[in-house]
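# requesting a structural model of the entry that follows:
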Amino acid sequence: MILDLLRHGETELGGGFRGSLDDALTEQGWAQMHTAVEGSGPWDRLVSSPLQRCARFAERLAQQLQLPLALEPGLRELHFGDWEGRSAAELMVDHEQALGQFWNDPYGFTPPNGEAVEAFAVRVLEALGRLHAAHAGERVLLVTHGGVMRLLLARARGLPREQLLQVQVAHGALHRLRVEAGGGLLEMSPGS
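Next up is the predicted model:
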């Protein structure tokens, strides 16, 4: 399966740890996503996180391209618990040590009342497995979040777990993976 990963664009409430917060896209966010998919594809179907910053764009694009769309809850962003809605700069004021632990070892430190990265990884990889089982041999556009994309790209690149948060994924970024039987991931250039 060829899987194009599209990160949602800029959101109304800005950056920071958005997680499960259901922010809408800004006009700039819509533009970032339209620019990313322009000249890309073709796809056989679209799959999206159910959060509106992904789903609204996916719904519009699926209608425009007349393609089937499925919302996949397993591909939601990591839940950041008490850190949701806060920026790294804000957290540096009263949670500097904890934030440092999270950046240095996201699998080893979970934000207070948040989702463990290990559980997040299991959730995302199970959703990807379901997707592959149902659509092997197809080209799929997955509209999702920075955390989901970092996880999948880090695995495709063979990075150690500690380097998960070093994977850069901009708003509106488009990356391509080949998903092999058995769950293997291979990063490809978007034009291939």
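# could you find the closest non-adjacent residue to the spatially most central residue of the chain?
The C-alpha lying nearest the average C-alpha coordinate of the chain belongs to H145 (Cα atoms, centre = their mean; 2.6 Å). Residue nearest to H145 in three dimensions, not counting chain neighbours: E77, with 3.8 Å by Cβ to Cβ, 6 or more residues apart in numbering. C-betas here are computed from N, CA, C, even on glycine.
# could you verify that the one you found is part of a helix?
No - secondary structure of E77 (DSSP: H, G, I helix; E, B strand; the rest coil): coil, not part of a helix.
# was I right about it contacting G146?
Yes - using Cβ atoms under 8 Å, E77 is in contact with G146, at 7.3 Å.
# quick one: A70 is in a helix?
No - according to three-state DSSP, A70 belongs to no helix; its state is strand.
# which residues does V124 contact?
Contact analysis of V124 by Cβ atoms under 8 Å, 6 or more residues apart in numbering lists 74-75, 148, 151-152.
# try it again at 7 Å.
74-75, 148, 151 (Cβ atoms under 7 Å, 6 or more residues apart in numbering).
# ok, F17 to H145 distance?
According to Cβ to Cβ, to the nearest Å, F17 and H145 sit 11 Å apart.
# check contacts around the closest residue to L3 other than its chain neighbours.
Once flanking residues are discounted, L3 sits nearest to L177: 4.7 Å by Cβ to Cβ, 6+ apart. Shown in contact with L177 (Cβ under 7 Å, 6+ apart): 3, 5, 152, 156, 185-188.
# which of those residues tops the neighbour count?
Ranked by the number of neighbours (other Cβ atoms under 10 Å), the contacts of L177 place L152 first, at 26 neighbours.
# surely that residue is within a helix?
Yes - under three-state DSSP, L152 sits within a helix.
# tell me how far it lies from L75.
Distance from L152 to L75, counting by Cβ to Cβ: 10 Å.
# still on that earlier bit, E77 and G146: which has the busier surroundings?
The neighbour count for E77 versus G146, taken as other Cβ under 10 Å, is higher for E77 (24 against 19).
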